[in-house]
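*Asks:* Have a look; sequence and predicted model below, questions after that.
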Amino acid sequence: MRMYDIIEKKRDKKELSEEEIQFFINEYSNDKIPDYQASALLMAMYLNGLTNKELVFLTFAMANSAKKLDLSRLRKNGNVIVDKHSTGGVGDKVTLIVLPIVASLGVSVCKMSGKGLGYTGGTADKLESIVGYDINIPLDQAISQVEEIGVSLISQSGEIAIADKKLYALRDVTATVSSIPLIASSIMSKKIASGVDKILLDVTVGSGAFMQNIDSARELAKTMVEIGKLANVETKAVITSMEEPLGKSVGNALEIKEVISFLLSNESTLNSPENRELKEVVFEISAHMIKMAGLGDDIEANKLKIMDSVTSKKAYDKFIELVKAQGGHIHNVYMDWINMSLDMPILKDEARYLKEIHAESDGYIISIDSKKIGEALVALGGGRQTKEDQIDYSVGFEFIRKVGSKVKAGDTILNVIYNDKDKFNEAFEYINEAIYIDNVADTLGIALRNRPNVLDIIT
Ligand code: URA
C-alpha cells in the first residue's frame with residue numbers, strides 16, 4: 001500500500017477502505033509517513049469530508065493507536081465510569097466544579113484534560129495555577145486515587161491515542177482543525193481509549209468555540225453521539241453557549257478563585273444573577289452525569305442533590321481532597337463572612353497591577369466576544385501561542401458587568417490583572433474590540449441578560 005495512492009483517492013472524493021485508514025494511522029504513528037503526506041491527506045479529508053464508514057474507521061484506528069486505559073478496578077460494586085469532555089472555550093471552568101460535585105455524590109471520575117493552546121484555555125493549566133498540584137501523576141496512581149477518593153484530574157496522557165496527539169498538532173499548523181468529522185474522531189478516539197463506560201460531552205457554540213452556530217454544534221454533537229453508540233459507550237451531549245466568556249473570570253488562577261467561590265456558595269449566592277450562567281451549565285451537566293452513572297434518573301431531583309452538595313460544602317471538601325491528593329499546597333484561612341476556618345489552595349496569583357476598563361458610552365452591553373477575550377489573555381501572557389510558551393498563571397480578567405447589563409459611560413466593565421505594561425497595551429486592543437455597547441430598548445437588553453446557556457441536549 002502506498003500513501004500517495006491513499007491521498008489521490010481521497011482527493012478524488014472516493015471512499016477510503018478500513019485497511020487504507022488503518023495503514024495511514026499505523027504508519028504515521030510509527031513515524032513512517034512524513035508530515036507533508038499526512039498534511040495532504042488531512043486537507044483532502046477537510047475539504048471532501050468523511051463518509052460515515054471512514055469516520056468510524058478513523059476514530060477506531062486512532063483509539064487503537066496506543067494502549068487503552070484499563071479501568072476495570074474501578075468497576076467493582078457495579079460502579080459506572082462517566083467521563084466529561086468540553087469542546088473548549090473561554091472562561092470554561094465547568095470541569096473543575098462539576099467533578100467535585102459529582103464525585104461527592106458517588107460518581108467515580110478519572111479525567112484527563114488538555115493544556116490550552118491559542119485562545120481557548122485548558123483545565124490542566126488552571127490546575128497548575130495551584131502551587132504543587134501535579135497534573136502528570138502516572139495513570140496507575142490516578143486510578144488508585146479514584147479508588148480512594150472517587151476522583152482524579154490529570155493531563156491528557158501521551159500514552160493514549162498517540163495518532164490523535166500527532167495529528168492534532170499537525171492540524172493545528174495546517175488549518176485543518178475546524179472540520180466536524182476530524183474534531184469528532186479526534187475527541188472520541190481519546191475518550192474511547194480512556195476506557196470509560198459513558199461520556200457526557202459539553203459542545204460549546206459561539207464566538208469563543210469551534211462551532212460558531214447552533215446547527216454546526218448539533219451536527220458535531222450528533223456525530224460524536226453516533227460514534228459513541230458504535231463503540232458501545234453511551235454518549236450524550238449538552239450544547240452550551242460560548243458567545244461571551246463563561247462566568248465572572250478568565251485567567252488561570254482567577255478561574256480557580258471563581259471555582260472556590262462557586263463551591264462555597266450558599267443557596268442565595270448560588271441563585272444570584274452573577275452565578276446564573278455558570279450554575280445553569282454546571283447543574284445540567286452534573287445532573288446528566290449522575291443519571292448516566294445510574295445514581296438518579298430524575299434530572300430535576302439530581303439538581304436538588306447538587307444544590308445540597310454545594311451548600312453543605314461537600315463538593316468543596318471533595319475539591320480540597322482532590323487538590324491535596326495531587327500534591328496541591330493548602331493553607332487554612334479564617335473566613336469572617338461565614339465565620340469558619342477553611343482549607344484553601346495556595347495559588348500562583350501574585351500579579352502586580354490592576355486596571356479597570358470602563359464603558360465608553362451609555363447603553364446595554366450587547367456582546368463580549370469570547371474569542372477576542374481569549375486572545376487578550378494570550379497577549380497578557382496567560383495563554384500559549386506555541387506549545388513551548390510558559391504561562392503567567394496570575395493574569396486575566398474579572399468581569400464586573402456582562403452581556404445584558406445596562407451601563408453608563410465610565411462604569412467599570414472589567415478589571416484587567418497583569419504584570420507587564422506592554423502586554424497590557426496589546427491585550428487592551430483585543431478587549432476594546434471585544435465589547436460592544438448600544439443604546440437599545442430595555443426589552444432587548446433584558447432578553448440578552450436572560451438568554452439561556454444550555455441550548456440543547458443530544459442523546
Ligand atoms: N479538541 C480535540 O481534542 N480535538 C479536536 O480536533 C478539537 C478539539
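*Replies:* Here it is on my side, so go on. Numbering: from 1, shown residues only.
*Asks:* Please list all residues in contact with the closest residue to the ligand within the stretch 151-300 of the chain.
*Replies:* Residue of the stretch 151-300 of the chain nearest the ligand, by CB to the nearest ligand atom: residue 186 (3.5 Å). Using the backbone N, CA and C atoms, a C-beta is placed for each residue, glycine as well. Contact analysis of residue 186 by CB atoms under 8 Å, 6 or more residues apart in numbering lists 62, 164, 167, 168, 171.
*Asks:* hmm, try it at 10 Å
*Replies:* Contacts for residue 186 (CB atoms under 10 Å, 6 or more residues apart in numbering) come out as 58, 59, 62, 161, 163, 164, 165, 167, 168, 171, 177, 179.
*Asks:* Now, these that are in strands?
*Replies:* Counting by DSSP state E, none of the members of the contacts of residue 186 fall within strands.
*Asks:* coming back round to it: now the residue of the stretch 151-300 of the chain closest to the ligand: phi and psi?
*Replies:* Dihedral pair for residue 186: phi -60, psi -50, per degrees, to the nearest 10.
*Asks:* So it versus residue 173, what's the distance?
*Replies:* Taking CB to CB, to the nearest Å as the measure, residue 186 falls 15 Å from residue 173.
*Asks:* likewise residue 348?
*Replies:* For residue 348, the distance to residue 173 - CB to CB - is 29 Å.
*Asks:* Compare the two (neighbour count), which wins?
*Replies:* Neighbour comparison, residue 348 and residue 173: the larger count goes to residue 348, with 17 against 11 (by other CB atoms under 10 Å).
*Asks:* so the more buried one makes contact with residue 392?
*Replies:* Yes - counting by CB atoms under 10 Å, residue 348 touches residue 392, with 8.6 Å between them.
*Asks:* Quickly list what's touching both of the two.
*Replies:* In terms of CB under 10 Å, 6+ apart, residue 348 and residue 392 are both contacted by the residues 129, 252, 253.
*Asks:* tell me which residues in stretch 416-428 are buried?
*Replies:* By 16 or more other CB atoms under 10 Å, the buried positions in stretch 416-428 come out as 416, 417, 418, 419, 420, 423, 424, 427, 428.
*Asks:* which non-adjacent residue is nearest the second one?
*Replies:* The shortest distance from residue 417 to any residue other than its chain neighbours is 4.6 Å, reached at residue 351 (CB to CB, 6 or more residues apart in numbering).
*Asks:* correct me, but the one you found touches residue 419?
*Replies:* Yes - here residue 351 reaches residue 419: they are 5.4 Å apart, a contact under CB under 10 Å.
*Asks:* Could you tell me which residues touch both of those two?
*Replies:* Both residue 351 and residue 419 are in contact with 380, 382, 392, 394, 395, where contact means CB under 10 Å, 6+ apart.
*Asks:* ok, of these, which one's closest to residue 193?
*Replies:* Residue 193 lies nearest to residue 382 out of those, by CB to CB, at 30.3 Å.
*Asks:* Roughly how far does the nearest residue to that closest one once chain neighbours are set aside sit from the ligand?
*Replies:* In this structure, residue 382 finds its nearest non-sequential neighbour in residue 395, 4.4 Å apart by CB to CB, 6+ apart. Applying CB to the nearest ligand atom, to the nearest Å, the value for residue 395 to the ligand is 24 Å.
*Asks:* What count of nearby residues applies to residue 395?
*Replies:* For residue 395, using other CB under 10 Å, the count is 30.
*Asks:* Who are the contact partners of it?
*Replies:* Contacts for residue 395 were tallied using CB under 10 Å, 6+ apart; they are 250-254, 349, 351-353, 376-377, 379-383, 416-420, 423-424, 427.
*Asks:* Would you double-check that residue 83 falls in a strand?
*Replies:* Yes - the assignment for residue 83 by DSSP: H, G, I helix; E, B strand; the rest coil puts it in a strand.
*Asks:* Count the neighbours of it for me.
*Replies:* Other residues within reach of residue 83, judged by other CB under 10 Å, total 23.
*Asks:* For it, give me its contacts.
*Replies:* By CB under 10 Å, 6+ apart, the neighbours of residue 83 are 71, 109-112, 190-191, 194-201, 233, 235, 289, 292.
*Asks:* which residues does it bridge with?
*Replies:* Beta bridges link residue 83 to residue 199 when assigned by DSSP bridges.
*Asks:* What pLDDT does the model give it?
*Replies:* We have a pLDDT of 96 for residue 83.
*Asks:* measure it to the ligand for me?
*Replies:* Using CB to the nearest ligand atom, we find residue 83 at a distance of 13 Å from the ligand.
*Asks:* do residue 389 as well
*Replies:* 19 Å.
*Asks:* I'd say residue 438 and residue 444 touch.
*Replies:* Yes - counting by CB under 10 Å, residue 444 is a contact partner of residue 438 at 9.0 Å.
*Asks:* which residues are common contacts for those two?
*Replies:* With CB under 10 Å, 6+ apart as the test, residue 438 and residue 444 both reach 364, 366.
*Asks:* list the contacts for residue 128?
*Replies:* 115, 122, 134-136, 155, 252-253, 256, 328, 348, 391, 393.
*Asks:* How many neighbouring residues does the nearest residue to residue 158 once chain neighbours are set aside have?
*Replies:* Nearest residue to residue 158 in three dimensions, chain neighbours excluded: residue 165, at 6.4 Å (CB to CB, 6+ apart). When neighbours are counted by other CB under 10 Å, residue 165 registers 20.
*Asks:* Same check on residue 36?
*Replies:* 9.
*Asks:* Show the pLDDT at the residue nearest to residue 158.
*Replies:* For residue 165, the pLDDT comes out at 87.
*Asks:* so it sits right up against residue 66, yeah?
*Replies:* Yes - the pair residue 165 / residue 66 is scored as a contact, 8.7 Å apart, by CB under 10 Å.
*Asks:* related to what we said a few turns ago, reformat the shared contacts of residue 348 and residue 392 as TSV; add distance to the ligand, secondary structure and neighbour count.
*Replies:* Output for the shared contacts of residue 348 and residue 392, formatted as TSV (distance: CB to the nearest ligand atom, whole Å; DSSP: H, G, I helix; E, B strand; the rest coil; neighbours: other CB atoms under 10 Å):
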residue	distance to the ligand	secondary structure	neighbour count
129	21	coil	24
252	19	helix	32
253	24	helix	24
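*Asks:* which residues does the residue nearest to residue 417 contact?
*Replies:* Applying CB under 10 Å, 6+ apart, we find residue 351 in contact with 251, 253-254, 380, 382, 392-396, 416-420.
*Asks:* What distance do you get for it to the ligand?
*Replies:* Residue 351 is 29 Å from the ligand, by CB to the nearest ligand atom.
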